[in-house]
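**Student:** no sequence for this one, just the structure:
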Ligand SMILES: C[S@@+](CC[C@H](N)C(=O)[O-])C[C@H]1O[C@@H](n2cnc3c(N)ncnc32)[C@H](O)[C@@H]1O
């Protein structure tokens, strides 16, 4: 994220590539160590670009690859702590009950109704929330009242739609069909929408370093925030443009950088 100045992001919302996910990213990384290496390097740069006191959110999950389960959530947490962040919270994102994309592992018990055959079907992901130090709440007192009110959290949604809980029930983006995000493991708009409202102010800058189809930037624009997005796959530019195309008041700048080969 060399283009970004130190402390210039007020919030990060992202979902890093799911480690060698069988449908979306098979064989993307040589091995798990290479994946953790990417997160390590990234976490240090993130610590640099995030403003003091601010929050970084990861939507991620443990991965089952060829029958081996990789503890991505625990390892991401450890890496972020090592980079200097505080662990603030973990919210569990629960998808609708009928959503099982990879395999119905629970079916084994139906075939063999005996102990030791149980593997649950996965319908959740983790939203990990980290913080760079502590937020200085006197910042709110110094803000002009009207400006602060623009960032007021809608309490009807907060209470009525379960934002206040550590479990969020949100329908996922369906992997098939004629969607703009086809081929990208996109998260639903509702996730960045809530996180942006809960952890940033109007006019702040929101960063998504693994931009994918551009969902975070779209929501940042709709909510009156600026944003930075980084995406390695230049082929997604058209999809991102299409997604952002209808956003009112949107103004985008593109920086294209050749991938550095190690
Ligand atoms: C899970 S997807 C993000 C989806 C996104 N949240 C959305 O709603 O569309 C992860 C993205 O990270 C990208 N990516 C992988 N390695 C990257 C890197 N080193 N730098 C930037 N983007 C990378 C992948 O190409 C992929 O588009």
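**Tutor:** Here it is on my side, so go on. Note that the structure is a prediction, hence the values are computed from the model and not measured.

**Student:** going forward, measure contacts and count neighbours with C-alpha atoms only.
**Tutor:** Noted.

**Student:** For the residue in the stretch 51-200 of the chain that the ligand sits nearest to, grab the count of nearby residues.
**Tutor:** Nearest to the ligand in the stretch 51-200 of the chain, going by C-alpha to the nearest ligand atom, is residue 186, at a distance of 3.3 Å. When neighbours are defined as other C-alpha atoms under 10 Å, residue 186 has 20 of them.

**Student:** for stretch 13-30, which positions count as buried?
**Tutor:** Residues of stretch 13-30 classed as buried: 13-21 (neighbour count, 16 or more other C-alpha atoms under 10 Å).

**Student:** What residues does whichever residue of the stretch 1-150 of the chain sits closest to the ligand make contact with?
**Tutor:** Among all residues of the stretch 1-150 of the chain, residue 17 sits closest to the ligand, at 3.9 Å; criterion: C-alpha to the nearest ligand atom. Residue 17 sits next to 25, 210 when contact means C-alpha atoms under 8 Å, 6 or more residues apart in numbering.

**Student:** on that earlier part again, please identify which helix or strand holds the residue of the stretch 51-200 of the chain closest to the ligand.
**Tutor:** Residue 186 belongs to no helix or strand when elements are defined using DSSP states H and E.

**Student:** Next, the contact list for it, please.
**Tutor:** 173, 212-213, 215.

**Student:** Of these, which are in range of the ligand?
**Tutor:** With C-alpha under 6 Å from any ligand atom as the criterion, the subset of the contacts of residue 186 in contact with the ligand comprises 212-213, 215.

**Student:** The strand ranked longest in the chain close to the ligand?
**Tutor:** When the chain is parsed with DSSP state E, its longest strand is strand 50-60. No. On the criterion C-alpha under 6 Å from any ligand atom, strand 50-60 is out of touch with the ligand, staying 8.1 Å away.

**Student:** begin at 42 from here
**Tutor:** I'll keep to 42 as the first residue from here, and by that count the last item is strand 91-101.

**Student:** can you pull out the helices in the stretch 42-191 of the chain?
**Tutor:** 73-90, 113-123, 148-152, 179-183, 186-191 (DSSP state H, counting those that start in this stretch).

**Student:** Out of the ones you listed, the one nearest residue 168 is which?
**Tutor:** With respect to residue 168, and counting by C-alpha to C-alpha, the nearest of these is helix 113-123 at 9.2 Å.

**Student:** Report whether the closest one contacts the ligand.
**Tutor:** No. For helix 113-123, no contact with the ligand is found by C-alpha under 6 Å from any ligand atom; the gap never falls below 13.3 Å.

**Student:** Need the residues that contact that helix.
**Tutor:** Contact with helix 113-123 is made by 60, 77, 80-81, 84, 101-104, 127-128, 167, 169, 171, as judged by C-alpha under 8 Å, 6+ apart.

**Student:** can you state the direction angle for that helix and strand 91-101?
**Tutor:** Between helix 113-123 and strand 91-101, the angle comes out at 170 degrees (axes from the mean of the first three to the mean of the last three C-alpha atoms, to 10 degrees).

**Student:** Which of the residues in helix 113-123 are classified as buried?
**Tutor:** Quick answer for helix 113-123 (16+ other C-alpha under 10 Å): 113-114, 117-118, 120-122.

**Student:** end to end, how far does stretch 120-135 reach?
**Tutor:** Length of stretch 120-135, first residue to last, C-alpha to C-alpha, to the nearest Å: 24 Å.

**Student:** can you name the two of the contacts of residue 227 that are farthest apart?
**Tutor:** It's 214 and 253 that sit farthest apart of the contacts of residue 227, by C-alpha to C-alpha, at 13.2 Å.

**Student:** So between those two, which is more surrounded?
**Tutor:** Neighbours were counted for residue 214 and for residue 253 using other C-alpha under 10 Å; residue 253 has more, 28 against 15.

**Student:** Residues of the stretch 142-291 of the chain that sit close to the ligand?
**Tutor:** 225-228, 250-256, 271-274.

**Student:** Is it possible to mark the buried ones in these?
**Tutor:** Using 16+ other C-alpha under 10 Å as the burial test, these include 225-228, 250-256, 271-272 as buried.

**Student:** residues in contact with residue 232?
**Tutor:** residue 211.
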